[in-house]
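Novice: I need the structure of the sequence given here:
(6 chains)
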Protein chains: 6
Amino acid sequence: MSELTHLGASGEANMVDVGDKAETVRTAIAEGSVIMLPETLRTILAGDAKKGDVLGVARIAGIMAAKKAHELIPLCHPLLLNKVAVEIEPDETLPGLRVTALARVSGRTGVEMEALTAVSVACLTIYDMAKAVDKAMTISEVRLVEKTGGKSDDFHRGAI
Amino acid sequence: MSELTHLGASGEANMVDVGDKAETVRTAIAEGSVIMLPETLRTILAGDAKKGDVLGVARIAGIMAAKKAHELIPLCHPLLLNKVAVEIEPDETLPGLRVTALARVSGRTGVEMEALTAVSVACLTIYDMAKAVDKAMTISEVRLVEKTGGKSDDFHRGAI
Amino acid sequence: MSELTHLGASGEANMVDVGDKAETVRTAIAEGSVIMLPETLRTILAGDAKKGDVLGVARIAGIMAAKKAHELIPLCHPLLLNKVAVEIEPDETLPGLRVTALARVSGRTGVEMEALTAVSVACLTIYDMAKAVDKAMTISEVRLVEKTGGKSDDFHRGAI
Amino acid sequence: MSELTHLGASGEANMVDVGDKAETVRTAIAEGSVIMLPETLRTILAGDAKKGDVLGVARIAGIMAAKKAHELIPLCHPLLLNKVAVEIEPDETLPGLRVTALARVSGRTGVEMEALTAVSVACLTIYDMAKAVDKAMTISEVRLVEKTGGKSDDFHRGAI
Amino acid sequence: MSELTHLGASGEANMVDVGDKAETVRTAIAEGSVIMLPETLRTILAGDAKKGDVLGVARIAGIMAAKKAHELIPLCHPLLLNKVAVEIEPDETLPGLRVTALARVSGRTGVEMEALTAVSVACLTIYDMAKAVDKAMTISEVRLVEKTGGKSDDFHRGAI
Amino acid sequence: MSELTHLGASGEANMVDVGDKAETVRTAIAEGSVIMLPETLRTILAGDAKKGDVLGVARIAGIMAAKKAHELIPLCHPLLLNKVAVEIEPDETLPGLRVTALARVSGRTGVEMEALTAVSVACLTIYDMAKAVDKAMTISEVRLVEKTGGKSDDFHRGAI
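Specialist: As a prediction, the model looks like this:
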């Protein structure tokens, strides 16, 4: 019943043909978190208060990575992103940082992977910039929040 | 006391100088999981039993991504990886797949980011290849397991 | 009469303007072979019977390379591939492996170079993975098999 | 007896550990040909006589591709090339162009793949620049000519 | 009154949404110079007279770089270039070389950055190839000359 | 007397052999400016006072570009940068922004091109982020300031 769309008739992995899909505006939103020690969060935010660099660098890294999703993920189609935005918010209940990314395209294939790649690389960049003080940080709950605009039903987390 | 090593005297983000570090053999191991519906796992494993493709493609994507860590993460140093290995194991208790990556270098800087990037991109690839049947999959618990060989104390998760 | 389309009026190499070409579905199929010792082929196929890795890795490398054709070939236009597929078959009469790649686009320029690049890189990957047992392997007969969908006449090898 | 060095104990593809190899000067020379119609060769050479562009562009493309071998070939190690040179000579007996590439490194792993990648991409570039006049060109006899400097015996074609 | 279009409501840098822009033919022309010692120019031109290499390599580097503008410039959109051309002319009054680049697209966003990137990288390549004889060369006056085809008024230098 | 080191005996462009050069610590510092309207500078700095983004993004773009110099510049050797730093200062006398970049390596070849590439791409990024308010900005005086650590005499601008 279910079907892995990247697998061909004989089971080999190949990029599926999206030529018959309609060119529509498609949007995806993904999220993820970096969980850390409370003092790591304070150090990042204190630095951020002064210069904004950890969050700023991670946001840029996420945006640039969205443009590379098709280079990183073997069967992902190249596409012309209309927009990428990345937001990073502290959350003391984790404690840590919450990353959200939005990707949008006018194209024949969805942008879930672009949004998820932006989140993952922004999280990796946060890890890289703060690892001198906390190597035990964990990247967690990287997932799709919302997907709209394609032929298949829209997806909203919690309404599966 | 703590210090974000990528921030300069005036707080701007810059690649730190690793020229004074010793050239030693450094190893890092990272792990992560993709949590999915039980039937998604069954579908992947059934495909894998026949052709090995979902796991095989994700493993290759992870290895190739390790070589791109310094392109993705802004302040990460380029380095000459001696070895990268990625393993993917099913775990029905998640239910889902556990990804482990090892990176090793003879160099002046650690390979945590290479191992973590390999894990993250292998997980993204699993998501990409199975998203047609399960958009709610979550990438979780991406973290460093072990780091040895540099000047700072070795790191073993659980022994922080 | 004939004309090298990448050369300008004064003979300098430049990317030609494809803006006036129609946006149509264009397909190209290319092929190539890796010729090797009979025992090298047996070793690869035995490994493949168990894990599928040599052929599987080469197929993924070919697909990913198709997406990089415009980065490798200086005057090649970037384009949004709809589909890439790579097949690898053993042929004991070579003896060796035959690689076939198909590339398809809805665009203003043909995809011969994408299909040929996929074949070439899949062949190089086969060489890389088996060179420990056979350095004398030869990559041969890399060529276009078929091209359809553009303004110029379709091309079918044997019907030039 | 023989062994595919990229396959691990359990047969999965992974980058092998080169950390124990000696850092020596290693050189590889590879060659290949583009076979074409006699008038295609004349057109290229006439253009070359005036501006040198087809051969010049292909040579540069080959050199740049050598630096990308580890990005294209999944299990290939990154390395710091000391030198890359590409030569292209007409051969009316083919008729066509013969491409030769040399790669050299001071490192822990051989440079066969860099030399072979340079040859392959130079050949693809020749095809791209002349395909408007001859789509039936064939890339042929891409192979290693010589390999010196590593621990394993030197390789010279014809002396296997 | 004025507005930096890459800054969001809250001032963070993000790729702006170009989805509402019309898909039109857009062209940009940029220019720049490399100023050098008179004998450096003579050396380059003498070499060029014989083999065309310094200018030829710089021209190719500029064309290839235009295709990478969106990878280099964080908030720049990927696009499908229809055409890129780079011209390099000696100017003894500098003394030095003048570089001009044209980029054209049928798309939703302008190609100023592609033309400017082509000029910058062609200039850097000239510097690289001649730095053995003149390290004091200066890259200067890199700027937009003309921009046509978008919704905003056309731009012509001197008519601001 | 003078000699273009990238040209071979027969004048073709090739990557020169750096295998005989000593592995020493080499540093290069480069600079450049973006000249703009006084109100453009005020707008950038006002934005910067609030969020730091234009300067922050340009600085990150410059650092990441230094790691790509060998991909952009055809005959440039890959190397393992120890450190890259980019500083951007306003200068009302231009009026505009002054960019300075430092690159350092322990290696066999100089890092002038890495420092100059960092400056050029930081300047291009400033242009990109402010072009909505000022398309006439000019990138100027991109040049080497200082080079130390190689076999050839050190270079200091003004002391040629």
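Novice: what does chain A have sitting close to chain C?
Specialist: A:8, A:12-19, A:70-71, A:74-75, A:77-80, A:107-108 (Cβ under 8 Å from any Cβ of the partner chain). C-beta: built from backbone N, CA, C; applies to glycine.
Novice: any of these buried? List them.
Specialist: Among the residues of chain A next to chain C, those classed as buried by 16 or more other Cβ atoms under 10 Å in any protein chain shown are A:12-18, A:70-71, A:74-75, A:77-80, A:107-108.
Novice: quick one: pLDDT of A:Val54?
Specialist: The model reports A:Val54 with a pLDDT of 91.
Novice: tell me how many other residues crowd it.
Specialist: Residues lying near A:Val54 (other Cβ atoms under 10 Å in any protein chain shown) number 24.
Novice: so does the helix or strand harbouring it get close to chain F?
Specialist: Per DSSP states H and E: A:Val54 is located in helix A:53-66. Yes - counting by Cβ under 8 Å from any Cβ, chain F has neighbours in helix A:53-66: A:53, A:56-57, A:60-61, A:64.
Novice: could you list which of those also contact chain E?
Specialist: Subset of the residues of helix A:53-66 next to chain F in contact with chain E: A:56, A:60, A:64, counting by Cβ under 8 Å from any Cβ.
Novice: let's see stretch A:102-119 as CSV, backbone CA atoms only.
Specialist: Only the C-alpha atoms of stretch A:102-119 are listed here, as CSV (Å, rounded to 0.1, in the frame of the first residue of the first chain):
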residue,chain,number,x,y,z
LEU,A,102,10.6,28.5,6.4
ALA,A,103,11.3,27.7,2.7
ARG,A,104,9.1,28.7,-0.2
VAL,A,105,9.3,27.9,-3.9
SER,A,106,7.3,28.3,-7.1
GLY,A,107,8.0,24.9,-8.4
ARG,A,108,7.2,21.3,-9.1
THR,A,109,8.4,19.8,-5.9
GLY,A,110,8.1,20.5,-2.2
VAL,A,111,10.6,22.3,0.0
GLU,A,112,10.4,20.1,3.1
MET,A,113,14.1,19.1,2.7
GLU,A,114,15.2,22.7,2.3
ALA,A,115,13.5,23.7,5.5
LEU,A,116,14.7,20.7,7.4
THR,A,117,18.3,21.2,6.1
ALA,A,118,18.2,24.8,7.2
VAL,A,119,17.2,23.8,10.7
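Novice: model confidence over it, on average?
Specialist: Throughout stretch A:102-119, pLDDT has a mean value of 96.
Novice: and the residue nearest to the spatial centre of chain A, what helix or strand is that in?
Specialist: Centroid-nearest residue in chain A, with Cα atoms, centre = their mean: A:Leu116, separated by 2.4 Å. For A:Leu116, the element it lies in under DSSP H and E is helix A:112-130.
Novice: tilt between that helix and helix F:53-66?
Specialist: Going by axes from the mean of the first three to the mean of the last three Cα atoms, to 10 degrees, helix A:112-130 is angled at 90 degrees with respect to helix F:53-66.
Novice: count the residues that sit near the residue lying closest to A:Gly56 once chain neighbours are set aside.
Specialist: The shortest distance from A:Gly56 to any non-neighbouring residue, by Cβ to Cβ, 6 or more residues apart in numbering or on different chains, is to F:Gly56 (4.8 Å). Neighbour count for F:Gly56, taken as other Cβ under 10 Å: 22.
Novice: stretch A:135-153 near chain E anywhere?
Specialist: No - against chain E, stretch A:135-153 shows no contacts by Cβ under 8 Å from any Cβ, the least distance being 10.6 Å.
Novice: for that stretch, buried residues please.
Specialist: Buried residues in stretch A:135-153, counted by 16+ other Cβ under 10 Å: A:135-150.
Novice: so for these, which is the shakiest by pLDDT?
Specialist: Lowest pLDDT within the buried residues of stretch A:135-153 is found at A:Gly150 (77).
Novice: which residues sit in contact with it?
Specialist: Contacts for A:Gly150 (Cβ atoms under 8 Å, 6 or more residues apart in numbering or on different chains) come out as A:21, A:24, A:26, A:109-110.
Novice: so how do I select the buried members of the residues you listed in PyMOL?
Specialist: Buried members of these, defined by 16+ other Cβ under 10 Å, are picked up in PyMOL with:
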select buried, chain A and resi 21+26+109+110
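Novice: and the lowest-mean-pLDDT helix or strand in chain A with helix A:112-130, angle?
Specialist: For chain A, the helix or strand with the lowest mean confidence is helix A:38-50, at a mean of 80 (criterion: mean pLDDT, DSSP states H and E). Angle of helix A:38-50 versus helix A:112-130, following the same axes, to 10 degrees, is 100 degrees.
Novice: can you name every helix or strand that helix A:38-50 contacts?
Specialist: Counting contacts by 3 or more Cβ pairs under 8 Å, 6 or more residues apart in numbering or on different chains; DSSP states H and E, helix A:38-50 is packed against helix A:53-66, strand A:81-91, strand A:96-107, helix A:112-130.
Novice: recalculate using a threshold of 6 Å.
Specialist: Applying 3 or more Cβ pairs under 6 Å, 6 or more residues apart in numbering or on different chains; DSSP states H and E, one finds that helix A:38-50 contacts helix A:53-66.
Novice: the helix it packs on: what's the following helix or strand?
Specialist: As assigned by DSSP H and E, the chain's next helix or strand after helix A:53-66 is helix A:69-72.
Novice: and that next one, does that touch chain B?
Specialist: Yes - contact of helix A:69-72 with chain B (Cβ under 6 Å from any Cβ of the partner chain) involves A:Leu72.
Novice: so which elements touch that helix?
Specialist: helix A:112-130.
Novice: hmm, who's touching the helix it packs on?
Specialist: A:28, A:30, A:32, A:34, A:40, A:44, A:54, A:58, A:61-62, A:65-66, A:69, A:73, A:76, A:86, A:97, A:99, A:101, A:103, A:137, A:139, A:142, A:144, A:147, B:6, B:72-73, B:76, B:113, B:116, B:120, B:124, B:128 (Cβ atoms under 6 Å, 6 or more residues apart in numbering or on different chains).
Novice: next to chain D, which bits of chain A? Give me the list.
Specialist: Counting by Cβ under 6 Å from any Cβ, chain A has no residue next to chain D.
Novice: show me what residue of chain A gets nearest to chain D.
Specialist: Nearest residue of chain A to chain D (Cβ to the nearest Cβ) works out as A:Glu71 at 8.9 Å.
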